[in-house]
Every structure is written in C-alpha cells, then in structure tokens.
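In: turn this into a structure:
(chains A, B, C and D)
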Amino acid sequence: MTAEGKSLTVNCSAIMRVRLLLFAVLRDIVGSDEQQLDVAPGTSAQDIWSALRDRHSRLHGYVKPPMTAVNLEYVAPETILRDGDELAFIPPVSGG
Amino acid sequence: MTAEGKSLTVNCSAIMRVRLLLFAVLRDIVGSDEQQLDVAPGTSAQDIWSALRDRHSRLHGYVKPPMTAVNLEYVAPETILRDGDELAFIPPVSGG
Amino acid sequence: MSFLTDIAIDAEALSAEVCRDSDGAVVTFSGFVRDHHEGRQVESIFYEAYRPMAENEIRRVVESVAQRLPEVRMAVQHRLGLVRVGEASIVIACASPHRAEAFDACRALIDGIKEMAPIWKKERSPDGEEWVGWQGGGRNEE
Amino acid sequence: MSFLTDIAIDAEALSAEVCRDSDGAVVTFSGFVRDHHEGRQVESIFYEAYRPMAENEIRRVVESVAQRLPEVRMAVQHRLGLVRVGEASIVIACASPHRAEAFDACRALIDGIKEMAPIWKKERSPDGEEWVGWQGGGRNEE
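Out: Numbers count the residues shown, from 1 in each chain, chains lettered A, B, ... in the order given. Model (predicted):
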C-alpha cells in the first residue's frame, strides 16, 4: 500500500474509482472532505476504513468504521465496492 | 314539595340558602342558568338533583346527577349542603 | 394568569412564553374545530365554561403534571365562545431541557383537561345546533 | 420539498401547512439550541449534514410513520449552518383527526430522525469549538 499526496491507494492493480466523502469530526481528522480512490475489484468499505485508520492516529482504536454508507444508503462495512460508488463513513450522528 | 315560579323548594322548613348553577344542556333543559334555593339542614346535592329530575322529563331516567360540584370542587352527590353553598351539576364535559 | 380566553390564541406567543435558553425541546398541542363530527358537517363550535371552576381544574391538572415533571414549563390557553372551523380551541405549550418530558407533560395536560375541566361544546351545523355528548332523555340507572 | 433549510424555521407556517379542516389535533416538536451542554456554556451550534443522504433518511422516517399512521399529515424542517441559543434547529408538525396519532407520529419522527439522519453538530462555547459525541481517539474493539 502506498500513500501519495491526498490520494489514498488501497491496491496497486486498481481498476475502479470510488469517491470517499468525509464529514464533521472525520473530515477534521483526515484533513479533507472528499477523496477520489482507485481500488481493486473486491475491495470492501472495511478495507478503505482500515487504510484510513492506518494513516490517522486518532482512528487507530477503531477497527470498525462508525457507520458506513454507499450511494446514500447505510450498508454493512463488509460491502464490496463497485466502480463509481460514493462511499461515506458516518460519524455517530447528532442532529435534531 | 312545592314548585312556584322559577324557584325550586326542597323543604318547607328551609333555613339555608343554596345557589344552584346550571350549564350547557342542563341549562337548556331546566330553562334557567341560576336558581336560589331555600333548603333544610341535612339536604344533600342528591336531594336537589332528585327534585330537579321530578320536574323535567328529559332528566327522569337519571336517578344520579351526571357530576356534582360544590363551591368549585367535584364532590360526591351525597354531600350535605351548607348555607351559602354554590352547587352545580356538571353535564359530561367536552372541552379541549 | 387565566387559562381561558375569548379571543384567538397565539400559539407562537405561548411557546415563546415557556421556552427558556436552557430548554432544548418544546412540544405543543393545538386542538382545532373540525369540519365534521360523527357524520355531521360542522360550521363552528360554541364553547361554554363554568369559568371559575374551569380555571381551578386546569390549574390543578397543570400542578399535578408539574409535580411529576418539575423540569417542564407549561402554558395552556382554552378558548371560549364561538370558534370556527380551522381555529384553535386550545393550545398547550411545554418546554423542557429534554424532549421525553415535554411530550409526556403535553399529553398529560390535554388528557387531564379534557377529562376534568367543566367546559362544554355546542356544535353548529347546517341542520342546527346541538350540545355534544350527554343531552338528557336517557337513563343512568335501572 | 426539502427537509433541510439554511434559514430560520417558521413553525407557525409548518403547522398551517399540515393542518386541514378535517384535523382536530396538531402536535409540534421544536428542538432548540440550549445555552449549556454537559456543564459547558454554549453560544451556538453549527449543524452539518450529508445533505442528499439526510434528505433520504428523513423521507424514509416520514414514510415509515405514514405507513403506520396513515391519517397523520407531517412536515419536517431541519436547519443547517449556524444556529444560535434560543433558535430552533428542527421543527416537526403533525396533524390528525385525533390527538393520539398526532402525538405518536411526532415522537416517532423526532426519535427516528435523531437516530438515522446523517447530521452533526459542533458546539461553539467561550472555550472554543467541539464536535458533539464521537471525536475519535478512543477505540471500538479490544
């Protein structure tokens, strides 16, 4: 796994593009609100989280992501991503 | 028991004065919203109701009054009245 | 302050009255005159009260809720006289730091007031007027 | 129609929007920014949302309540951006022929929206700013 600039690369043989959105405290931790990721077929949301976690010490304690959404729907973190997906990790919500 | 004009006399040896208030459908049935009653010591709210009932056919089926209030408080119909009391029979309420 | 009013109720003012900066939740209940009741068309409702007793009974309901839920601030206005379809006959506002208590208080207030306050309504429909509920002519004992 | 707004919410307009002449009850919930939270003084809250998903999730909550309580008409507005102490962050209005359903729907909506909608708040106090709740730095598995 390599990490160049702001882009987060999970697999070198990537042939799919996934858009990662980051909100609230996660955006502050990661330092950006959106990243374009090139990922290999078979990559799960959990795989992306694990890569994110490896790069940010405040996330080290979190083996699992808080909540995961793909294309505006809550999904299990094990969900396999597809080309063009919009992925978001949802920090615990506090609306209302 | 005698009934003259609008006043309702429960006992001829009356020495107490009670104010009877009538609301909503009861006022319409009785034809007045307020009556000054001369009653004997020991007269209960139930006694007043029974006299009222004898005089108005639409009340004949009601041995008991709907609800009874003396001096702005709900009371049991058996409550003995005292001089100066304000008595009201409360038809089932429908506020709100 | 009186719980009864002869003019239109200002719901917004009632909410503002109870809500402090330490309150996170305001729940309101508004009762409106409906355009129908038990199959009849309704044009307006005339509300009558045994005023001093209605004030007492509403205060008593408010006090009993306040005792159980001391963090909630409450306001109640019940309208009397002629109320037209679409106008509010009662508005209740409950403010609290948290929402559970505000919902609880608001529901308890309207239930208690409907049960206890000596207030009656006469419906006016195209066919005439009629007191709602008990109208005499029946019986309560065999 | 959007459930999210960047300007002050008009609670009265929201009630008027849902209430028809056949409705006897309107229950509203308003969430306000409080002047304190967990011992800290609060001056304002900044609300952020994953907007398209928040719209979807709120619509989903509304639809699930509508399916269970088909007689209730509902309106929801959640404010985003900077909201000061004493201003409403969310207003919900539920109108129904009878009050039980209106209370039920209103409570279910605020509970569901608070649980599901991807919306976050950052508190601004005299000491600085802080996201409420989860802030990283802990752990979720041994």
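
In: return the residues in contact with residue 86.
Out: Using chain A. Residues counted as contacts of residue A:86 (C-beta atoms under 8 Å, 6 or more residues apart in numbering or on different chains) are A:18, A:19, A:21, A:70, A:71, A:72. Yep, even glycine has a C-beta here, placed from its N, CA and C like the rest.

In: oops, wrong one, chain C.
Out: With C-beta under 8 Å, 6+ apart, residue C:86 has these contacts: C:32, C:33, C:35, D:19, D:21.

In: what pLDDT does it get?
Out: As predicted, residue C:86 sits at a pLDDT of 92.

In: quick one: it from chain A, how far?
Out: 30 Å (C-beta to the nearest C-beta, to the nearest Å).

In: helix/strand/coil for that residue?
Out: Assigned with DSSP: H, G, I helix; E, B strand; the rest coil, residue C:86 falls in the coil class.

In: now swap in the one 3 residues further on and tell me
Out: Classification of residue C:89 using three-state DSSP returns strand.

In: likewise residue A:53?
Out: Three-state call for residue A:53 (three-state DSSP): helix.

In: go ahead and confirm it touches residue A:64.
Out: No: judged on C-beta atoms under 8 Å, residue A:53 makes no contact with residue A:64 at a distance of 9.5 Å.

In: looking at these two, which is more packed in?
Out: A count of neighbours by other C-beta atoms under 10 Å in any protein chain shown puts residue A:53 above the other of residue A:53 and residue A:64, at 17 against 13.

In: one step back: so which of the contacts of residue A:86 reach chain B?
Out: Subset of the contacts of residue A:86 in contact with chain B: empty, counting by C-beta under 8 Å from any C-beta of the partner chain.

In: so which of the residues you listed is the most crowded?
Out: residue A:18 (23 neighbours).

In: adding secondary structure, write the contacts of residue A:86 out as TSV.
Out: Listed next are the contacts of residue A:86 as TSV, based on three-state DSSP:
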residue	secondary structure
A:18	strand
A:19	strand
A:21	strand
A:70	strand
A:71	coil
A:72	coil
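
In: for chain C, what spans make up the strands?
Out: In chain C, the segments counted as strands under DSSP state E are C:4-5, C:25-32, C:36-37, C:40-41, C:44-49, C:73-79, C:81-84, C:88-96, C:119-125, C:128-131.

In: for residue D:92, which of these is the nearest?
Out: Set against residue D:92 and scored by C-beta to C-beta, those come closest in strand C:25-32, at 9.6 Å.

In: can you tell me the strand partners of that closest one and which way each runs?
Out: Partners of strand C:25-32 in the sheet, by DSSP bridges, are strand C:88-96 (antiparallel), strand D:25-32 (antiparallel).

In: want to try JSON lines for these, with mean neighbour count as columns?
Out: Putting the strands paired with strand C:25-32 into JSON lines (neighbours: other C-beta atoms under 10 Å in any protein chain shown) gives the following:
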{"stretch": "strand C:88-96", "mean neighbour count": "26"}
{"stretch": "strand D:25-32", "mean neighbour count": "26"}
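
In: looking at those strands, which is closest to residue C:61?
Out: strand C:88-96 (10.2 Å).

In: contacts for the helix or strand of chain C with the lowest mean pLDDT?
Out: Lowest by mean pLDDT, DSSP states H and E among the helices and strands of chain C is strand C:36-37, with a mean of 89. Here strand C:36-37 makes contact (C-beta under 8 Å, 6+ apart) with C:42, C:123, C:132, D:22.

In: how many neighbouring residues does the residue in chain A that chain B sits nearest to have?
Out: For chain A, the residue closest to chain B is residue A:96, as judged by C-beta to the nearest C-beta, at 28.9 Å. For residue A:96, the neighbour count with other C-beta under 10 Å is 23.

In: find the nearest non-adjacent residue to residue C:19, please.
Out: Nearest residue to residue C:19, sequence neighbours excluded (C-beta to C-beta, 6 or more residues apart in numbering or on different chains): residue C:95, at 4.3 Å.

In: so what pairs up with the one you found in the strands?
Out: Counting by DSSP bridges, residue C:95 is bridged to residue C:26, residue C:73.

In: so which residues of chain A form strands?
Out: A:3-4, A:7-8, A:16-22, A:34-39, A:68-70, A:73-75, A:86-89.

In: tabulate the ones you listed (CSV), appending distance to residue B:33.
Out: Converted to CSV, these look like this (distance: least, C-beta to C-beta, whole Å):
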stretch, distance to residue B:33
strand A:3-4, 87
strand A:7-8, 82
strand A:16-22, 70
strand A:34-39, 74
strand A:68-70, 67
strand A:73-75, 64
strand A:86-89, 69
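
In: so where's the chain shaky on pLDDT?
Out: Because you didn't say which chain, this covers chain A. A:1-14 (pLDDT under 70).

In: I was after chain C.
Out: Counting by pLDDT under 70, the ranges of chain C that qualify are C:141-142.

In: residue of it nearest chain A, please.
Out: Residue nearest to chain A within chain C (C-beta to the nearest C-beta): residue C:99, separated by 8.5 Å.

In: so what's that residue up against?
Out: Neighbours of residue C:99 in contact, by C-beta under 8 Å, 6+ apart: C:24, C:25, C:27, D:29, D:31, D:110.

In: centre-most residue in chain C?
Out: residue C:90 (3.7 Å; C-alpha atoms, centre = their mean).

In: and for residue 47, the neighbour number?
Out: Picked chain A for this. 18.

In: my question was about chain C
Out: So residue C:47, with other C-beta under 10 Å, has 23 neighbours.

In: which one of the strands of chain C lies nearest to residue D:54?
Out: Closest approach to residue D:54 among those is made by strand C:25-32 (20.3 Å; C-beta to C-beta).

In: kindly provide the distance from the nearest residue to residue A:77 once chain neighbours are set aside to residue A:53.
Out: Nearest non-adjacent residue to residue A:77, counting by C-beta to C-beta, 6+ apart: residue A:46, 4.1 Å away. Distance, residue A:46 to residue A:53, using C-beta to C-beta, to the nearest Å: 10 Å.

In: ok, now residue C:89?
Out: From residue C:89 over to residue A:53 (counting by C-beta to C-beta), the distance is 58 Å.

In: again with residue C:27
Out: According to C-beta to C-beta, residue C:27 and residue A:53 sit 41 Å apart.

In: with residue C:24 instead?
Out: Relative to residue A:53, residue C:24 is positioned 34 Å away (C-beta to C-beta).
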